[in-house]
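Q: just to be clear, the model below is a prediction. Sequence and coordinates:
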Amino acid sequence: MHGLYRPGHARDVLEAAADLGVARLDTASNYLGHRSHEVLKTVADDLLPKFSVSTKVGYFPEGHSLAPTRLRAGVEQAAKDLGREPDTVLLHNPERSHPDAEMLAQACAVLADAAQTGLCGGWGVSSWDPRPLVGLDVPCPDVLMVRSGLLVGVDILEAAEALVTRWLPSQVWGMSPFSGSTTEAVWGKFDPRIFLRHSPPATTVQAAFRSAYGLPRVDAVAVGTDNVNHLWELIGALAYEVDNQVVREYRQLLQTRRQPVRSPFTTRSAVSQAAPSRGSSGSA
């Protein structure tokens with residue numbers, strides 16, 4: 001899934017994504033200074049039919065809101081700006097407005113109704129920090145989108161899995177597998193390839209990306225890039241398999257070390273140190 005949080009919506013990258021068989025574009029109404037939908041239509045109107053397009057509503061120029069009228073208008077505006085109905089519309093970081101059960105249920109009902117009336121193909125929830133949502137109920141969404149990968153803290157992982165169990169989404173999507181960038185120093189401090197089964201050598205980037213499918217378990221991962229070669233590398237990562245036993249050992253280790261750790265482990269046999277836990281404004 002090609003995420004558009006950081007990338008500049010370059011046509012050559014979108015063309016490469018289509019040629020490589022990337023099936024979905026993921027954006028949001030507030031990306032690119034609240035211009036992502038319009039820019040997509042301008043730059044790649046002829047390419048959009050090749051993709052399933054998901055977007056998010058909740059952030060408006062004046063701030064975050066879960067007001068039903070604002071959300072409904074946001075979905076309608078997304079369809080207008082894209083020149084087509086989005087395939088999926090996600091409620092964007094509802095935790096930002098500190099909802100109670102009634103507020104969240106009303107917001108989700110707006111998106112569910114939009115899907116039923118043809119304004120979008122399906123609906124769901126995208127949460128950067130799902131912890132405040134644990135214990136709240138929503139109608140079974142089509143999609144739950146959460147952070148995934150080796151830099152996601154144990155509390156976030158457990159909260160995401162609690163929502164999966166409680167909400168029973170049809171699909172779970174991951175985001176921000178690199179927690180910002182593949183060039184950050186943390187990726188030179190440990191070898192994520194230990195999370196892959198025996199296979200031809202993978203790059204560190206490929207291993208980190210593929211591992212994000214198991215932490216927590218997700219059906220797809222949104223990641224953005226402006227580099228076509230990087231896109232090729234990420235697509236190649238899907239040929240590898242995650243070693244579920246190593247993932248289990250890692251999760252057990254996280255359970256015993258529930259504090260932020262800066263220095264990740266380096267050997268399979270020891271699994272001696274946990275990967276760091278920190279936030280980032282990565283692909284959402």
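A: It's in. Numbering: from 1, shown residues only.
Q: contacting residues for A237?
A: 202, 205-207, 209-210 (C-beta atoms under 8 Å, 6 or more residues apart in numbering). From N, CA and C alone the C-beta is placed, and that goes for glycine too.
Q: let's see the pLDDT reported for the residue nearest the centre of the chain.
A: What sits nearest the mean C-alpha location of the chain, by C-alpha atoms, centre = their mean, is M175, with 2.3 Å. At M175, the model reports a pLDDT of 96.
Q: for G135, see how far away it is.
A: M175 is 23 Å from G135, where distance means C-beta to C-beta, to the nearest Å.
Q: what about the closest residue to E161 other than its chain neighbours, how many neighbours?
A: Setting aside the residues directly before and after it, E161 is nearest to P216 in space (C-beta to C-beta, 6 or more residues apart in numbering), at 5.2 Å. Neighbour count of P216, defined by other C-beta atoms under 10 Å: 23.
Q: next one: phi and psi at E241?
A: Backbone geometry at E241, expressed as degrees, to the nearest 10, gives phi -110, psi 140.
Q: look up how far R210 lies from it.
A: From E241 to R210 the distance is 8 Å (C-beta to C-beta).
Q: mutual contacts of those two, please.
A: Common neighbours of E241 and R210 (C-beta under 8 Å, 6+ apart) are L196.
Q: next up, the contacts around the residue nearest to E161.
A: Residues 146, 148, 152, 157, 160-161, 164, 172, 174 are the ones in contact with P216 under the rule C-beta under 8 Å, 6+ apart.
Q: adding distance to L47, secondary structure and neighbour count, write those out as JSON lines.
A: Formatted as JSON lines, the contacts of P216 follow (distance: C-beta to C-beta, whole Å; DSSP: H, G, I helix; E, B strand; the rest coil; neighbours: other C-beta atoms under 10 Å):
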{"residue": "V146", "distance to L47": "28", "secondary structure": "strand", "neighbour count": "25"}
{"residue": "S148", "distance to L47": "27", "secondary structure": "coil", "neighbour count": "28"}
{"residue": "V152", "distance to L47": "31", "secondary structure": "coil", "neighbour count": "24"}
{"residue": "L157", "distance to L47": "35", "secondary structure": "helix", "neighbour count": "20"}
{"residue": "A160", "distance to L47": "32", "secondary structure": "helix", "neighbour count": "28"}
{"residue": "E161", "distance to L47": "35", "secondary structure": "helix", "neighbour count": "16"}
{"residue": "V164", "distance to L47": "32", "secondary structure": "helix", "neighbour count": "17"}
{"residue": "V172", "distance to L47": "27", "secondary structure": "strand", "neighbour count": "22"}
{"residue": "G174", "distance to L47": "24", "secondary structure": "strand", "neighbour count": "27"}
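Q: closest one to L254 out of the residues you listed, please.
A: Closest approach between the contacts of P216 and L254, by C-beta to C-beta: L157, at 7.4 Å.
Q: tell me who's in contact with that closest one.
A: 215-216, 251, 254.
Q: for it, give its distance to G214.
A: On the measure of C-beta to C-beta, L157 and G214 end up 11 Å apart.
Q: am I right that G224 is in contact with M1?
A: No. Counting by C-beta atoms under 8 Å, G224 does not reach M1; the two are 9.4 Å apart.
Q: more neighbours, the two?
A: Just comparing G224 and M1: by other C-beta under 10 Å the higher neighbour count belongs to G224, 27 against 22.
Q: show me where this protein has helices.
A: 11-19, 31-34, 36-44, 68-82, 101-116, 154-167, 204-211, 228-237, 244-256 (DSSP state H).
Q: quick one, which of those gets closest to E184.
A: Short answer: helix 204-211, nearest of the helices of the chain by C-beta to C-beta, at 10.9 Å.
Q: which parts of the closest one are buried?
A: 205-211 (16 or more other C-beta atoms under 10 Å).
Q: report the angle between that helix and helix 244-256.
A: 80 degrees (axes from the mean of the first three to the mean of the last three C-alpha atoms, to 10 degrees).
Q: which helices and strands sit right next to helix 204-211?
A: helix 228-237 (3 or more C-beta pairs under 8 Å, 6 or more residues apart in numbering; DSSP states H and E).
Q: again, only this time at 10 Å
A: When contacts are defined as 3 or more C-beta pairs under 10 Å, 6 or more residues apart in numbering; DSSP states H and E, helix 204-211 sits against strand 220-222, helix 228-237, helix 244-256.
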